[in-house]
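**Student:** take this sequence and fold it.
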Amino acid sequence: MAGQRAKQLVENVARFAATEDLLHEPLDQFGNPVAKEIRKFDYAATISESHQGVLLVDEYRNGQDGAADLPDHIATKGFVALAVIFHPNMQENFQMTCEGLSEWQGHATWLMRFQQRDDRPGRIQNYVVGSQVYPTKLKGRAWITADNFQIVRIETEQMNHVAQLSVQHEIAEYGPVHFQKHNLDLWLPKSVDLYLELNRHRYYRRHSFDHYMLFAVESVDQPQLEKQR
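**Tutor:** The predicted structure is shown next:
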């Protein structure tokens, strides 16, 4: 059922935008912030599915997808893609186990553990340095509401060290966003806490999203979608 919810997200969203607030803090060896930067961006994302069933997510801040305007020139994104771990086309890449009932903000939830399979490619996140792309393998937990099977929280941990990135821990929380014009409710990222150790430097980031706007909401088959784009 969580897979069906993820599938509905991909089918209903072609492009959406939001206001993103970013808090960036370099940390000392004890985890204490030594500086702080706050930025605000116009955020936009597109979600589509290729003929081969591969899910494609593109994200932009102020119309750009690079790291030039971000603190310490580190671009962090892919939070929408975390939820598609449970998409039917992606589930086979992970070992999944239900750990039973749990609770999230007073609501009953199923607690699911997932881990990237060694015999399957990592297709959720990459670490990119210049022209070099390093797939990262993820493991973690997801909290899924027991009544309507919506993903409300995902925690992930990087399994493999890649290049200079030795630690990546994410906590993403999702919530319902109502689009009145289309009379549609979608569960989208509300906040993300991110902890990094990169080049032996530690960082904390918090991404917060608000004021969502939906530019295209319609279920079309992929050939039509690609033709329109």
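**Student:** OK, contacts around the nearest residue to P189 once chain neighbours are set aside?
**Tutor:** The shortest distance from P189 to any residue that is not its chain neighbour, by CB to CB, 6 or more residues apart in numbering, is 4.6 Å, and that residue is F79. Every C-beta, even on glycine, is put in place using the N, C-alpha and C of the backbone. For F79, the contacting residues are E170, A172, P189, V192, H207, by CB atoms under 8 Å, 6 or more residues apart in numbering.
**Student:** the same query, at a cut-off of 7 Å, please.
**Tutor:** With contact set as CB atoms under 7 Å, 6 or more residues apart in numbering, F79 has these partners: A172, P189, V192, H207.
**Student:** what is the subsequent helix or strand relative to the helix or strand that contains I171?
**Tutor:** In this structure, I171 sits in strand 165-179 according to DSSP states H and E. Next helix or strand after strand 165-179 toward the C-terminus (DSSP H and E): strand 184-198.
**Student:** how far off centre is that following strand?
**Tutor:** 6 Å (CA atoms, centre = their mean, to the nearest Å).
**Student:** which strands and helices lie in contact with that strand?
**Tutor:** helix 2-12, helix 79-83, strand 165-179, strand 201-216 (3 or more CB pairs under 7 Å, 6 or more residues apart in numbering; DSSP states H and E).
**Student:** and the residue nearest to P189, how far is that from Q180?
**Tutor:** Between F79 and Q180 the distance is 24 Å, computed by CB to CB, to the nearest Å.
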